[in-house]
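Enquirer: The amino acid sequence is not available; the structure is as follows:
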């Protein structure tokens, strides 16, 4: 879990900057379009769209933008046709990486993703080369300052969570669910007035590769470069960087 935590915390710090660049809106709009096309415009019947709209509201996206994205996905107004693609490969020191993209030009995107890997001590691999190293799970976080550990753990496990984590290096508790139970467990917590700080369907690595020095710096740069790309939806990797090493990098 530490690799997931590490990048999640870094992304949290980057969020304000990314929002200013408009990249958050671009990616959320694409997610709304695709999720509407896939599951229809009714949020009560489309958990993926419901999550995308929640993300849009958290990012302070105007309601008109959300409405138009749904209309594009539902075919009511014209717009780009998006495809979802999955790329797998390796980063510095053999770190396994999965990149989820939403693109209207898969040839262009593939070329650009490949160049990013090769420029940062990595290379793209064949489909399936690293996917087996990850488990698709629901992931919920709750700030430790909001509730006692025992209370949250008991409630989460009773609601059907698969695991509960308390990493001393993190300021949040982590709740691991099956991918299908994420929405119901999140709703259970909210009904108990427990504020959820984040929730997502994610790919959790089964093992991590410890990085330090130049490999650590290069890995973080690769992750950052990939996520900066407009077509990239999510990046997952099985690296771990210690707090001490992170402090050196940030100095």
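Expert: Cool, got the structure. What you are looking at is a predicted structure, and each value in this text was computed from that prediction instead of being measured.

Enquirer: For the rest of this, base every contact and every neighbour count on C-alpha atoms.
Expert: Will do.

Enquirer: can you give me the helices in the stretch 151-251 of the chain?
Expert: Using DSSP state H, counting those that start in this stretch, the helices of the stretch 151-251 of the chain run over 182-191, 213-228, 243-250.

Enquirer: What is the longest one packed up against?
Expert: Put plainly, it is helix 213-228. Here helix 213-228 touches helix 106-118, strand 232-237, going by 3 or more CA pairs under 8 Å, 6 or more residues apart in numbering; DSSP states H and E.

Enquirer: Centre of the chain to the last one, how far?
Expert: Centroid separation between strand 232-237 and its chain, computed with CA atoms, centre = their mean, to the nearest Å, is 6 Å.

Enquirer: Report the strands that pair with it, each with its relative direction.
Expert: strand 96-103 (antiparallel) (DSSP bridges).

Enquirer: Now do the strand it pairs with against helix 213-228, angle only.
Expert: Here strand 96-103 runs at an angle of 20 degrees relative to helix 213-228 (axes from the mean of the first three to the mean of the last three CA atoms, to 10 degrees).

Enquirer: and strand 96-103, what's its mean pLDDT?
Expert: Rounded to a whole number, the mean pLDDT of strand 96-103 is 95.

Enquirer: So what touches that strand?
Expert: Contact partners of strand 96-103, identified using CA atoms under 8 Å, 6 or more residues apart in numbering, comprise 30-31, 82-91, 109, 130-131, 133, 231-239.

Enquirer: hmm, 6 Å instead?
Expert: For strand 96-103, the external contacting residues (CA atoms under 6 Å, 6 or more residues apart in numbering) are 82-90, 130, 231-238.

Enquirer: Give me the buried subset of those.
Expert: Buried by 16 or more other CA atoms under 10 Å: 82, 85-90, 130, 231-238, out of those.

Enquirer: what's the closest of those to residue 164?
Expert: Nearest to residue 164 among the buried ones among the contacts of strand 96-103: residue 238, at 19.3 Å, using CA to CA.
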